[in-house]
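A.B. asks: Got a predicted structure here, sequence first:
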Amino acid sequence: MKENHTKRILKKLLFFLPILLMLVIVNFAVDPSNSFRTSDFERQLADWINNGYNIEGIYDFDERIFQEFCIEKFKERKEVIVLGSSRGIQINQEMFFGKTFFNNCVSGASLEDLMAVYNIYDRCNLNPDIIILSIDPWMFNKNNDQTRWMSISDEYWQLKNKMGFKTALFKKILFNKTVFKIKKYSNVFSISHFQHSIHILLEYKGLEYKKNIIKTLNSNGETNFKISDGRISYGPHITKKTQDEIKKGVLYEIAKKNYFGLNNFKKFNPRLKNDFEKFIEYLESKNVKVVILLFPYHPIYYKSIENNPNLNLVPETEIYLKKFAEENSIDIYGSYNPNIYDLNDSDFYDEMHLKKENIPSIFKD
């Protein structure tokens, strides 16, 4: 009886083995997020940006490593930089009246990202005059599930060390790098990674999709562009959505309870809050002017946040930041609440991203 049970298990394993093998091969071969490659791709992108080119067809890549290569290759110190998540990634040089500028925002940024990217400037003796910090509420949530910063975790821990925190530096860096690599390489077994890979194979008819990523002097077209000042210029698949499509997308996220980075946000994490305050203190010691920026959410999405008792720390984050800014004589602009600016459905690309043309309005406080 036991032998028959073992045989049944083996048959099941043999049945699923080819499926698992196909998943692994496709994920490894396509590798849309560059999980299994060297950083040569990011280095090439940084070279193009530093030589004044825009990048057409920008696709999945390690945005953090890319920032590191860009900053290390800068030919001049930037007067103004922006640190934050994709919510601030459309801020451009034109908003700063000819000052030298770079947008260092990365997707899903955590506070660790902001500190790590800044440290690259600091160690390269390229401190700007002004840093705009686009602060999102999840940056104070230890359960925000953001681990992408770990690809440059050594920069974060180096800054912590310079800020006076006593840390076992080498052990922290080694631990973060190990965790990041495990998570990164586990993509080979990921179903969502497989779906992404299949989408690429079908859309680009093979493994040559990265040949569609080219340097150019154009700044708009049928896909996303990474502009030489660091910002993203979105393609029509984002900018040409109808109001109905946007609203349906927002309602879908609400129905799925997809509140990015805000799950289990039950209290301000003391480490992250302390990191933030010490980070500001360190920037001021370097004679860097700090400006804090809060990006609004889509009106329907924000209303669902207000009505959700598990998300009441979102408005509380804004209260804390505005009080902190007032006490420390820091300029702060914007709000998570879109109603303050009379923003409606048509002013957003999705639940979290304000349209480019509406960004200047939040600087008018």
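C.D. replies: On my side now, so go ahead. Numbers count the residues shown, from 1 in each chain.

A.B. asks: Okay, and residue 153 sits in which element?
C.D. replies: helix 153-162 (DSSP states H and E).

A.B. asks: model confidence over that helix, on average?
C.D. replies: Helix 153-162 comes out with an average pLDDT of 92.

A.B. asks: Now the residue nearest the centre of the chain. Nearest residue, chain neighbours left out?
C.D. replies: A centroid search over the chain (CA atoms, centre = their mean) returns residue 107, at 1.7 Å, as the residue closest to the centre. Closest residue to residue 107 apart from its sequence neighbours, by CB to CB, 6 or more residues apart in numbering: residue 86 at 4.7 Å. Where C-beta positions appear, they are placed from N, C-alpha and C, glycine not excepted.

A.B. asks: Please tell me I have it right and that neighbour contacts residue 103.
C.D. replies: No: contact criterion CB atoms under 8 Å: residue 86 and residue 103 do not qualify, at 10.7 Å.

A.B. asks: Neighbour count: those two, which is higher?
C.D. replies: Counted by other CB atoms under 10 Å, residue 86 and residue 103 do not tie: residue 103 has more neighbours, with 25 against 18.

A.B. asks: The more buried one against residue 92, yeah?
C.D. replies: Yes: using CB under 8 Å, residue 103 is in contact with residue 92, at 7.0 Å.

A.B. asks: Where does the prediction get shaky in the stretch 51-200 of the chain?
C.D. replies: In the predicted model, the stretch 51-200 of the chain carries pLDDT under 70 at residues 167-200.

A.B. asks: again, 80 this time
C.D. replies: Low-confidence segments of the stretch 51-200 of the chain (pLDDT under 80): 58-60, 165-200.

A.B. asks: all helices for it, in order.
C.D. replies: 63-72, 111-123, 153-162, 169-185, 191-204 (DSSP state H, counting those that start in this stretch).

A.B. asks: what's downstream of the last one, the next helix or strand?
C.D. replies: Where DSSP H and E defines the elements, the next helix or strand beyond helix 191-204 is strand 214-216.

A.B. asks: Counting neighbours, show which residues of that following strand come out buried.
C.D. replies: residue 215 (16 or more other CB atoms under 10 Å).

A.B. asks: Against which helices or strands is that strand packed?
C.D. replies: strand 54-56 (3 or more CB pairs under 8 Å, 6 or more residues apart in numbering; DSSP states H and E).

A.B. asks: name the helices or strands packed onto the strand it packs on?
C.D. replies: helix 40-50, strand 214-216, strand 225-226.

A.B. asks: one more time with 6 Å, if that's ok
C.D. replies: When contacts are defined as 3 or more CB pairs under 6 Å, 6 or more residues apart in numbering; DSSP states H and E, strand 54-56 packs onto strand 214-216, strand 225-226.

A.B. asks: Any idea which of these gets closest to residue 59?
C.D. replies: The minimum distance between residue 59 and the helices and strands packed on strand 54-56 falls on strand 225-226, with 10.1 Å, by CB to CB.

A.B. asks: Within its sheet, name the partner strands of the helix or strand just after that closest one and how each one runs.
C.D. replies: As assigned by DSSP H and E, the chain's next helix or strand after strand 225-226 is strand 232-233. Strand 232-233 sits in its sheet next to strand 225-226 (antiparallel), going by DSSP bridges.

A.B. asks: for the record, mean pLDDT for stretch 245-256?
C.D. replies: pLDDT averaged over stretch 245-256 gives 94.

A.B. asks: now swap in stretch 302-319 and tell me
C.D. replies: Mean predicted lDDT for stretch 302-319 stands at 93.

A.B. asks: what's the first-to-last distance across that stretch?
C.D. replies: 16 Å (CA to CA, to the nearest Å).

A.B. asks: Residue 270: how many residues sit nearby?
C.D. replies: 10.

A.B. asks: Could you measure from it over to residue 142?
C.D. replies: Computed as CB to CB, to the nearest Å, the residue 270 to residue 142 distance reads 9 Å.

A.B. asks: again, but for residue 291
C.D. replies: Applying CB to CB to residue 291 and residue 142 gives a distance of 26 Å.
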